[in-house]
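Participant: sequence and predicted structure, then a few things I'm wondering about:
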Amino acid sequence: MQRDKIKVEIKKLSHGESLPLPCYATMQSAGMDLYTALNDSAVLNPLERLLVPTGIVIAIPNGFEGQIRPRSGLAAKHGITVLNSPGTIDSDYRGEVKVCLINLSNQPYEIKRGDRIAQILITPVPEIIWNNIEEFYAKETARNEGGFGSSGR
């Protein structure tokens, strides 16, 4: 099955020129890997956060958003994740794509230029039109008002 395709304008900034464009690791990957455009390496100490440049600017079409998500290997092996996960890039943002990483491990972690640090997905976003009503006639569910932890462990 072939995926839908959309064109997204991208520009490499001077500090990202030697890096690859975001790309899929496999044919079935949902997200494209993002690379660090640091000039030098940086050490991310335990519980420290760092805004990491990617060296790219993108123009996401109206009706879509960019989602920045952690890479599972970095999270599982090193405790490195995206702090505001998923991070949202709105379609009207035209600045450099940066990734807010945090080290949740108890060991320092070195981030080097060209490391794959996160992934980006470009996803459709419908415009919501609220239907403000006086009485709520929505069908009851098994959960109803059950909130945090109500569905069990």
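Facilitator: Done, it's in. Numbering: from 1, shown residues only.
Participant: I'd assumed residue 55 was in contact with residue 98.
Facilitator: No. The criterion here is CB atoms under 8 Å, and residue 98 misses it with residue 55 at 9.8 Å. For every residue, glycine as well, the C-beta is placed using N, CA and C.
Participant: who has more neighbours, these two?
Facilitator: Set residue 98 next to residue 55 and count neighbours by other CB atoms under 10 Å: residue 55 wins out with 22 against 19.
Participant: nearest spatial neighbour of the more buried one, chain-adjacent residues omitted?
Facilitator: residue 16 (1.7 Å; CB to CB, 6 or more residues apart in numbering).
Participant: OK, contacts around the one you found?
Facilitator: Taking CB atoms under 8 Å, 6 or more residues apart in numbering, we find residue 16 in contact with 35, 37, 53-56.
Participant: what's the PyMOL line that selects buried ones from these?
Facilitator: Remark: buried members of the contacts of residue 16, expressed as a PyMOL selection using 16 or more other CB atoms under 10 Å:
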select buried, resi 35+37+53+54+55+56
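Participant: what's the most distant pair in the contacts of residue 16?
Facilitator: Longest distance between any two of the contacts of residue 16 is 10.0 Å, between 35 and 53; criterion CB to CB.
Participant: quick check: end-to-end length of stretch 121-138?
Facilitator: 32 Å (CA to CA, to the nearest Å).
Participant: again, but for stretch 17-33
Facilitator: 16 Å.
Participant: residues contacting the spatially most central residue of the chain?
Facilitator: Per CA atoms, centre = their mean, the C-alpha nearest to the average position across the chain is that of residue 68, at 0.7 Å. By CB under 8 Å, 6+ apart, the contact set of residue 68 is 34, 82, 85-89, 97, 99, 118-120.
Participant: same question, residue 24
Facilitator: 31-33.
Participant: inside strands: which ones of those residues?
Facilitator: Under the assignment DSSP state E, these contribute 32-33 to strands.
Participant: make TSV out of the contacts of residue 24 and add pLDDT.
Facilitator: Below are these laid out as TSV (pLDDT from 0 to 100):
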residue	pLDDT
31	96
32	98
33	98
